[in-house]
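Participant: Whatever this is, show me its structure:
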Amino acid sequence: MTKNNHIAKTNRHSIFFDLAPAPRANRVGSETMKISRRTFLRNAATATVASAAGCITMPDRDDSMVVNDVHTQLNPTRVHRVTPVRSMQEARNVLRRARRERRSISIAGGRHAAGGQQFATDVELIDTRLMSRVLHFDSAAGTIEVETGIQWPRLMGFLRQARVSGKPAWTVAQKQTGTDRLSIGGALAANAHGRGLTLPPFITHVESFTLIDTDGDVHLCSREHNPDLFSLAIGGYGLFGFIYSATLRLVPARKVRRVVQLLEVPELPGAFANRIRDGYLFGDFQFAIDPKSDAFLRRGIFACYEPIADSAPLPAERRKLTADEWKMLIYLAHTNPTAAFERYAEHYLATSGQLYESDTQYVSDYFDHYHGELDTRMGATVPATEVIGELNVPRDSLPQFLAAAKEELRRDDAAPLIYGTIRVIEKDDESFLCWARQDYACVIFNLHTPHTQEGKERTARTFRKLIDLAIGRGGSFYLTYHRYATREQVISCYPQFQAFLQQKLRYDPEELFQSNWYRHYKQVFA
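Facilitator: Numbers count the residues shown, from 1 in each chain. Purely as a prediction, here's the structure:
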């Protein structure tokens, strides 16, 4: 790594938006832009950050030093200590101290990644959730620089409030769906994606980032400066340095109309192609989940979003599921999946024609630790959660893949399917550990997993079989959600993986940055 692009903090990061009014004239409006998620969903004006469901809240320090991921709860990890950081200098100090102590570190934000990427046993865990400022917003160029601990609701609320104050209407190009309280750093680390119909993964919307290396030095990484590190760190799962800030390319905010229909899977590749041809911006397909039904993995809800005139008035209220209705759907998905799909389809069809601002269609209700309440309701004797897996196949192979997956998921030894959706992704030709090697259909399965050895092994076997089905059709899988793939499957889908591990040692020979995900694959490829 060269030191030529070292950046002085006082020069580059002198403009910021924080909890207090920003001290410089470049800030947008007269105070920091914050908006509660509920207000954001209702298209209302500003609300206090304290009421925001997506605001940064720090739990009391856990003396046991055991951390876990939010969704699967299958990664309990005892760490040496948890250290929140609030600034670049604090992060540099932690890294330098850790190196002196010969103590490895890991980095966590929203804690939703389920493959063990943000935790490692006996390391110092840097918690980024207080590192959540907007550093610079260029309303003319449509770029925004943020600290990477910032989570989506706060970033999107900032941009929405900028529009309210009369600035140009910008918003993020894409974000993960399903939940909102994820950090921008996590999106970079996983090279995430959403449901855009014509978008590559997240790297395409990253202008640059600042990275703190193992010496505590700061580097600008972009397509022009340190391009190798730019390619490695995005999709590099936190192994190449501490990404302090990122500058994102924004897109003009649009108004969109939701168009919903029921489709059969054989129609789906053509339906996606038609929506793309007609200029739709976003879309996905949510399939039936009852293995006893003829509709299983064959029939689904196809919802896409068509851009409309910016002058179109938006309704004050829209039909949407309440929290109780969501929880009932989750319960039915576990106990009566046909009823769950029918109710969900009825609701979605009733929303066809509703108008949205393009960023609000990203927003999702998610109930942290929902499965605890569900386990009680179902009388479960052991806790359980869902494990997500994503299989990526060439789009014209999608019907054949789902037909084969249907047979696999109907086997008695398969883990139960609770929810699934299909999106599309464009080829990524920028990241080193790219997962979108071509234009794919992305098939997401959520499998019910009791927290027993048998339950976890059942889910692992099921995903390995699904990965084989994808590979057999020229496809791949996404590394983020689990570590179930065999060495042969990883090599088949990521032939560059061994070179990736070699690059890790090139930039971090002392292995300061670690995770249980990294330790697992280091052993697999030993």
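
Participant: all strands of the stretch 201-350 of the chain, in order?
Facilitator: Assigned by DSSP state E, counting those that start in this stretch, the stretch 201-350 of the chain shows strands spanning 206-212, 218-222, 242-249, 251-252, 255-264, 282-287, 299-308.

Participant: could you dump those strands to a markdown table with mean pLDDT, distance to residue 361 and mean neighbour count?
Facilitator: Heads up, the C-betas are built off the backbone N, CA and C, glycines and all. A markdown table is the format used below for these (pLDDT from 0 to 100; distance: least, C-beta to C-beta, whole Å; neighbours: other C-beta atoms under 10 Å):
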| stretch | mean pLDDT | distance to residue 361 | mean neighbour count |
| --- | --- | --- | --- |
| strand 206-212 | 98 | 22 | 23 |
| strand 218-222 | 98 | 30 | 21 |
| strand 242-249 | 98 | 19 | 24 |
| strand 251-252 | 96 | 13 | 16 |
| strand 255-264 | 97 | 6 | 17 |
| strand 282-287 | 98 | 6 | 23 |
| strand 299-308 | 98 | 6 | 20 |
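
Participant: Of all the ones you listed, which one is nearest residue 103?
Facilitator: When the strands of the stretch 201-350 of the chain are compared by C-beta to C-beta, strand 242-249 sits nearest residue 103, at 14.4 Å.

Participant: what's next to that closest one, contact-wise?
Facilitator: Strand 242-249 has contacts (C-beta atoms under 8 Å, 6 or more residues apart in numbering) with 13, 88, 91, 95, 107, 126, 131, 135-136, 142-148, 172-173, 184-185, 188-189, 205-212, 218, 233, 513.

Participant: ok so, going back, need the strands of the stretch 201-350 of the chain in JSON lines (columns: distance to residue 83).
Facilitator: Shown next, in JSON lines, are the strands of the stretch 201-350 of the chain (distance: least, C-beta to C-beta, whole Å):
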{"stretch": "strand 206-212", "distance to residue 83": "14"}
{"stretch": "strand 218-222", "distance to residue 83": "19"}
{"stretch": "strand 242-249", "distance to residue 83": "12"}
{"stretch": "strand 251-252", "distance to residue 83": "35"}
{"stretch": "strand 255-264", "distance to residue 83": "42"}
{"stretch": "strand 282-287", "distance to residue 83": "38"}
{"stretch": "strand 299-308", "distance to residue 83": "41"}
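
Participant: and of these, who's closest to residue 193?
Facilitator: strand 282-287 (11.4 Å).

Participant: Which residue is the nearest non-sequential neighbour of residue 203?
Facilitator: Excluding its sequence neighbours, the residue lying closest to residue 203 (C-beta to C-beta, 6 or more residues apart in numbering) is residue 234, at 4.5 Å.

Participant: Actually, residue 510.
Facilitator: Nearest one to residue 510, counting by C-beta to C-beta, 6+ apart, is residue 214 at 6.4 Å.

Participant: what residues are up against the one you found?
Facilitator: 95, 99, 241, 507-508, 510, 512-513.

Participant: Filter these down to the buried ones.
Facilitator: For the contacts of residue 214, a burial check counting by 16 or more other C-beta atoms under 10 Å picks out 95, 99, 241, 507-508, 512-513.

Participant: of the residues you listed, closest to residue 120?
Facilitator: Set against residue 120, the nearest of the buried ones among the contacts of residue 214 by C-beta to C-beta is residue 513 (9.2 Å).

Participant: and the gap between the closest one and residue 100?
Facilitator: Separation of residue 513 from residue 100 (C-beta to C-beta, to the nearest Å) stands at 16 Å.

Participant: count of residues packed around the residue lying closest to residue 297 once chain neighbours are set aside?
Facilitator: Excluding its sequence neighbours, the residue lying closest to residue 297 (C-beta to C-beta, 6+ apart) is residue 406, at 4.3 Å. By the criterion of other C-beta atoms under 10 Å, residue 406 has 16 neighbours.

Participant: go on, residue 497?
Facilitator: Neighbour count for residue 497, taken as other C-beta under 10 Å: 17.

Participant: hmm, back to that, now for the strands of the stretch 201-350 of the chain, which one comes closest to residue 472?
Facilitator: Each of the strands of the stretch 201-350 of the chain was scored for nearness to residue 472 using C-beta to C-beta, and the closest is strand 282-287 (20.2 Å).

Participant: In helices, which of the contacts of residue 214 appear?
Facilitator: Members of the contacts of residue 214 lying in helices (criterion: DSSP state H): 95, 99, 507.

Participant: Go through the residues you listed and name the one with the lowest pLDDT.
Facilitator: Lowest pLDDT within the ones in helices among the contacts of residue 214 is found at residue 99 (94).

Participant: can you pull the contacts of it?
Facilitator: Shown in contact with residue 99 (C-beta under 8 Å, 6+ apart): 214-216, 510, 512.

Participant: Which one of these is nearest to residue 463?
Facilitator: The nearest one, if we look at the contacts of residue 99 relative to residue 463 and count by C-beta to C-beta, is residue 512, at 31.1 Å.

Participant: ok, the closest one - contacts?
Facilitator: Going by C-beta under 8 Å, 6+ apart, residue 512 touches 95, 98-99, 104-105, 214.

Participant: can you do 10 Å?
Facilitator: Contacts for residue 512 (C-beta atoms under 10 Å, 6 or more residues apart in numbering) come out as 95, 98-99, 102-105, 123, 213-215, 239, 241-242.

Participant: circling back: can you list the contacts of residue 214 in TSV and add distance to residue 267?
Facilitator: Output for the contacts of residue 214, formatted as TSV (distance: C-beta to C-beta, whole Å):
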residue	distance to residue 267
95	52
99	56
241	46
507	47
508	48
510	54
512	51
513	46
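
Participant: Kindly indicate which of those lies nearest residue 112.
Facilitator: Comparing the contacts of residue 214 against residue 112 with C-beta to C-beta picks out residue 513 as the nearest, at 19.4 Å.

Participant: With adjacent residues omitted, what lies nearest to the closest one?
Facilitator: Using C-beta to C-beta, 6+ apart, the nearest residue to residue 513 is residue 239, at 5.1 Å.

Participant: Could you check how far the one you found is from residue 297?
Facilitator: Residue 239 is 36 Å from residue 297, by C-beta to C-beta.

Participant: How about residue 206?
Facilitator: Taking C-beta to C-beta as the measure, residue 206 falls 34 Å from residue 297.

Participant: what does residue 303 give?
Facilitator: With distances taken as C-beta to C-beta, residue 303 is found 18 Å from residue 297.

Participant: Please apply the same query to residue 197.
Facilitator: Distance, residue 197 to residue 297, using C-beta to C-beta: 22 Å.

Participant: and the two? which has more neighbours close in?
Facilitator: Set residue 197 next to residue 297 and count neighbours by other C-beta under 10 Å: residue 297 wins out with 28 against 21.

Participant: ok, that one touching residue 407?
Facilitator: Yes: Residue 297 is within contact range of residue 407, at 9.5 Å (criterion: C-beta atoms under 10 Å).

Participant: who touches both of the two?
Facilitator: What both residue 297 and residue 407 touch, as defined by C-beta under 10 Å, 6+ apart, is the set residue 291.

Participant: tell me the secondary structure for the nearest residue to residue 251 once chain neighbours are set aside?
Facilitator: In this structure, residue 251 finds its nearest non-sequential neighbour in residue 173, 4.5 Å apart by C-beta to C-beta, 6+ apart. On the three-state scheme (DSSP: H, G, I helix; E, B strand; the rest coil), residue 173 is labelled coil.

Participant: What residues does residue 173 make contact with?
Facilitator: Neighbouring residues of residue 173 by C-beta under 10 Å, 6+ apart: 194, 196, 199, 202, 204-205, 248-252, 281, 358-359.

Participant: so can I have TSV of the buried ones among the contacts of residue 214 showing distance to residue 427?
Facilitator: Below are the buried ones among the contacts of residue 214 laid out as TSV (distance: C-beta to C-beta, whole Å):
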residue	distance to residue 427
95	35
99	38
241	26
507	26
508	29
512	33
513	28
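
Participant: Just give me the closest of those residues to residue 344.
Facilitator: Nearest to residue 344 among these: residue 513, at 41.2 Å, using C-beta to C-beta.
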